[in-house]
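1. return atomic coordinates for the entry below.
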Amino acid sequence: MTIIDLAAEREKRDCPDPEFVTTDEAGRKMFAFRAEYRIDGSTFGIHFFAYDFGDAARRISAMRETLSLSGQIYCEV
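-> Numbering: from 1, shown residues only. Take a look at the predicted model:
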């Protein structure tokens, strides 16, 4: 019989998967967030990293004021 520690399993699920966490140049954790916008009757989304929900909201505010197109992405290396 296998005994599962439910508290440990819940704790594992309370944090994002590793691919949705990064660190900044100072070693602080940043987390992936998603923002959505609507155009022509469809909804689209963007992903970006921020320190927390407050920081994510601040970044969205900055995007509203300063976002500009910088090019098309063909691949990622």
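
2. and the helix or strand E36 falls within, which strands flank it?
-> Using DSSP states H and E, E36 sits within strand 29-39. Here strand 29-39 is paired, per DSSP bridges, with strand 21-23 (antiparallel), strand 42-50 (antiparallel).

3. tell me the buried residues in the lengthiest helix in the chain?
-> Counting by DSSP state H, the longest helix found in the chain is helix 53-66. Buried residues in helix 53-66, counting neighbours by 16 or more other C-beta atoms under 10 Å, are found at A56, R59. From N, CA and C alone the C-beta is placed, and that goes for glycine too.

4. which elements pack onto that helix?
-> strand 29-39, strand 42-50 (3 or more C-beta pairs under 8 Å, 6 or more residues apart in numbering; DSSP states H and E).

5. closest to T66 out of those?
-> Closest to T66 of the helices and strands packed on helix 53-66 is strand 42-50 (C-beta to C-beta; 13.6 Å).

6. returning to that earlier point: for the strand holding E36, buried residues please.
-> So for strand 29-39, counting by 16+ other C-beta under 10 Å, buried means M30, F31, F33.

7. distance to E19 and pLDDT added to these, as CSV?
-> Below are the buried residues of strand 29-39 laid out as CSV (distance: C-beta to C-beta, whole Å; pLDDT from 0 to 100):
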residue, distance to E19, pLDDT
M30, 13, 98
F31, 11, 97
F33, 14, 98
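
8. of these, closest to R59?
-> F33 (8.0 Å).

9. could you list the low-pLDDT ranges of the protein?
-> 12-13 (pLDDT under 70).

10. bridging residues for the residue nearest in space to the middle of it?
-> When C-alpha atoms, centre = their mean is applied to the chain, the residue found nearest the centroid is A32 (1.5 Å). On the basis of DSSP bridges, A32 is bridged to F49.

11. right, and it touches G45 too?
-> No: using C-beta atoms under 8 Å, A32 is not in contact with G45; the gap is 11.5 Å.

12. much appreciated, bye for now.
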